[in-house]
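Student: model this:
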Amino acid sequence: METGSDILFFWVARMVMLCSYLKPTPMIINDNNNNSNDDNNLLRPPFSTVLLHPMVRDAQGRKMSKSLGNVIDPLHVIDGITLPALQQQMRMSTTLAQEEKAKAEKGMALDFPQGIPACGTDALRFTLTAYTQQGRNINLDIKRVEGTRHLCNKLWNAARFVLSHLQHQHQQQHQAQNDKSFTTTNATPLSQIDNSLHAADYTLADKWILSRLALVVRECNEGFESLNLSEITVSLHRFLLYEFCDVYLEFCKNSLKSTASPQERQCSQNVLYICLETFLRLLHPFMPFVTEELWQRLPLNPNLKIDQSPYQAQSIMVASYPVSSSYSHLTQRKIEDRMSQVMDVVSSARSLRSEFNLPPSLPLTYFISPPPPPEKIESDSQVKSSPWALVALVASNRVQLESLCRAAEFAVLPLEGLSRDSSQYGIRTMPNGWSLAVNLKMAKNAAASLNKSTKDTKNDSMNESVTRLQKKLDKLRKYRDDLSSKVTSPDYVARVPHEVQLKDKSKIATANK
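Tutor: A predicted model of the protein is given here:
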């Protein structure tokens, strides 16, 4: 049973006592050494576990009170409401004195100056569950509910991206037919997406995201077993936002292009499908509406199932929840370590560009320099494996790294060369001991050339706009002059109807503005 701690004695204890008194349930004890009839006289309570949720308070930690004007109606958070409507509802209250109403109006204006935005049921449910880590009280901030609403938007857009690369071959019973936002053009037929490819066909990013998926499944299972629901929301938020959307979707875009090989495209589609379908089932207890809507649109493919989910189910509500034992074989620690090094390269490249104010659109040549000899490495976290392991990683993921880092190329620069000309380079040391550098002189010269080219392009574009507008102005002036000549003609008043004369005068006045 789930309830609040404030009614633990008033209701929960009475429920236990009344249920035991009015309808006693014998507790059967399996004890071979004691066959006494007294065992049947033991009573079992109606529930053995009570999960207590915290008390919901306002953002400042105050208890919600009508006189303070800080009461948050869940329906207002779900549907949204303006400040005047909030104050009008409060004025219609018959339980508050006039002085308290005036105080409540001021409190509403301070707490909700723009009213309460519509956040939806899913965002409110997820936020309240995430708040349970605060302890006995929840200081509910509407801004945080808004942040969860943005998370729902992120999930929706990620699903659109995935579904745009999957053809809907199996239409579900409740699938929305008229939503044009989910059109799938140039999609690969679902029948061609299968799991017949070998492990070697999958990229480092493919294996990494599947390993992270196995981790989030395990964390969700452990969270439900320990009744630690807030930790589940943290895991789901991390996977969707920082791993699936921010990293994997960016890495797989090149594999989904028409120029990629069929094997690359199939592998990326397989992984996208598995991640989205599994994540929707993981998230469903917390966001039932958006997950049901997306799951109904997903072309369910029995060939790609990992666990024993009932793929013929009509609703995600009756689909089985992912079990960690079915996904444990996807966990690969070495793959995660290698992917971490690749992401360090991306992070360092972007930091260099930001630190030295280099234009985002400027392709740069990045130099990779190996770490010092092993005897000079002091940090235990630095990699002491093959000295050229990172170079091989960069080479095998060159296309993705060049796209993410906006790099012209990656080159290896010996440690001696970097140390000798360190004043010419912007250097960033990565956690594994390697350094990523960019030649500042070369970069500044390239940036100046790019700025000059961009400026010339803008000037040409501006000149074209001025010419086009001048032609339009000349045309309008000619129209005005012709209309003025028509109006000033001797027989205009006698020949032209009065309504047309009024329209002509209005046109002349508009043209003179």
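
Student: so residue 369 makes contact with residue 434?
Tutor: Yes - here residue 369 reaches residue 434: they are 6.6 Å apart, a contact under CB atoms under 8 Å. Using the backbone N, CA and C atoms, a C-beta is placed for each residue, glycine as well.

Student: comparing these two, which residue is more hemmed in?
Tutor: With other CB atoms under 10 Å as the criterion, residue 369 and residue 434 differ in neighbour count, and residue 434 comes out ahead with 24 against 21.

Student: can you name the next helix or strand after the lowest-mean-pLDDT helix or strand in the chain?
Tutor: Ranked by mean pLDDT, DSSP states H and E, the weakest helix or strand in the chain is helix 415-420, scoring a mean of 62. Scanning forward in sequence from helix 415-420 by DSSP states H and E, the next helix or strand is strand 425-429.

Student: which parts of that following strand are buried?
Tutor: 425, 426, 428 (16 or more other CB atoms under 10 Å).

Student: now those in CSV, with pLDDT and distance to residue 316?
Tutor: Below are the buried residues of strand 425-429 laid out as CSV (pLDDT from 0 to 100; distance: CB to CB, whole Å):
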residue, pLDDT, distance to residue 316
425, 77, 53
426, 80, 49
428, 85, 44
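
Student: closest one to residue 87 out of those, please.
Tutor: Of all the buried residues of strand 425-429, residue 87 sits closest to residue 428, with 53.7 Å by CB to CB.

Student: okay but the closest one is in contact with residue 350, surely?
Tutor: No - using CB under 8 Å, residue 428 is not in contact with residue 350, being 9.7 Å away.

Student: can you pull out the strands in the stretch 301-450 of the chain?
Tutor: For the stretch 301-450 of the chain, applying DSSP state E, counting those that start in this stretch gives strands covering 364-369, 407-412, 425-429, 435-439.

Student: which outside residues touch the second one?
Tutor: Think strand 407-412. 349, 363-370, 391, 394, 398, 401-402 (CB atoms under 8 Å, 6 or more residues apart in numbering).

Student: need the residues you listed in a markdown table with pLDDT and distance to residue 215, can you?
Tutor: Shown next, in a markdown table, are the contacts of strand 407-412 (pLDDT from 0 to 100; distance: CB to CB, whole Å):
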| residue | pLDDT | distance to residue 215 |
| --- | --- | --- |
| 349 | 88 | 26 |
| 363 | 82 | 35 |
| 364 | 83 | 34 |
| 365 | 84 | 36 |
| 366 | 85 | 30 |
| 367 | 85 | 34 |
| 368 | 86 | 29 |
| 369 | 83 | 33 |
| 370 | 81 | 31 |
| 391 | 84 | 28 |
| 394 | 87 | 25 |
| 398 | 86 | 27 |
| 401 | 87 | 24 |
| 402 | 85 | 29 |
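
Student: turn those residues into JSON lines, columns for distance to residue 314.
Tutor: Shown next, in JSON lines, are the contacts of strand 407-412 (distance: CB to CB, whole Å):
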{"residue": "349", "distance to residue 314": "48"}
{"residue": "363", "distance to residue 314": "51"}
{"residue": "364", "distance to residue 314": "53"}
{"residue": "365", "distance to residue 314": "56"}
{"residue": "366", "distance to residue 314": "52"}
{"residue": "367", "distance to residue 314": "57"}
{"residue": "368", "distance to residue 314": "53"}
{"residue": "369", "distance to residue 314": "58"}
{"residue": "370", "distance to residue 314": "57"}
{"residue": "391", "distance to residue 314": "52"}
{"residue": "394", "distance to residue 314": "48"}
{"residue": "398", "distance to residue 314": "46"}
{"residue": "401", "distance to residue 314": "44"}
{"residue": "402", "distance to residue 314": "45"}
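
Student: dump the residue contacts of the residue most central in space within the chain.
Tutor: Closest to where the C-alpha atoms of the chain average out (CA atoms, centre = their mean) is residue 154, at 3.4 Å. Counting by CB under 8 Å, 6+ apart, residue 154 touches 240, 241, 245.
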